[in-house]
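# Pasted the sequence and its predicted model underneath.
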Amino acid sequence: MAHTPIREALRTDSPLHSSVRAGLGALKTMHRGCFDIAARAAIADSIDIDESLKKGREQENRWDYLLGHHLTKILIAVEPHSADNSQIRTVINKRKAAIQQLGTHLRDGKKVSKWIWVASGRVRLLPIEKAKFLLDQNGIEFIGGEIKIKHLR
């Protein structure tokens, strides 16, 4: 089995190993378009944690994706989601749930280094400064409609 950032971060007994894919392979086709070309090339592996952690948690909030950055080996969580004020609390709750849900799967000392919310459509966060402040307080970076290489560092 290849030594990729996600595989190295997962406990050896984690059932999530079977869901890890190379590059952006775990992302739904419509979400791959959220990444520019350079950002796509920087991803070593990915997992659809929404789908992989769904069983028994169907009614819980779940984050969408976990990515492994090729060069830095950090874990990056990405949530393509509608970007309007009514969704801020939902995205915050998804992050809180994901931290708890991933806790039993990650090796000791391993964690998600970045939590990115990318707009899955038009952005309607007003006022944007207030929204970004609230997200910053909760460890989430809202980056608009496209993930660029600079967002992955």
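Good, I have the coordinates.

# Would you mind writing the CA trace of the helix-or-strand element of the chain with minimal mean pLDDT as PDB?
Between all helices and strands in the chain, the lowest mean by mean pLDDT, DSSP states H and E belongs to helix 128-137, at a mean of 89. Only the C-alpha atoms of helix 128-137 are listed here, as PDB (Å, rounded to 0.1, in the frame of the first residue of the first chain):
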ATOM      1  CA  ILE A 128     -18.500  39.100   4.300                       C
ATOM      2  CA  GLU A 129     -16.200  40.400   7.000                       C
ATOM      3  CA  LYS A 130     -18.500  39.300   9.800                       C
ATOM      4  CA  ALA A 131     -19.000  35.900   8.200                       C
ATOM      5  CA  LYS A 132     -15.200  35.400   7.800                       C
ATOM      6  CA  PHE A 133     -14.600  36.500  11.400                       C
ATOM      7  CA  LEU A 134     -17.100  33.900  12.700                       C
ATOM      8  CA  LEU A 135     -15.600  31.200  10.500                       C
ATOM      9  CA  ASP A 136     -12.000  32.200  11.600                       C
ATOM     10  CA  GLN A 137     -13.100  31.800  15.200                       C
END
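
# next helix or strand past that helix?
strand 141-142 (DSSP states H and E).

# can you pull out the strands in the chain?
Listed in chain order, the strands of the chain (DSSP state E) span 21-22, 43-48, 65-69, 75-84, 112-124, 141-142.
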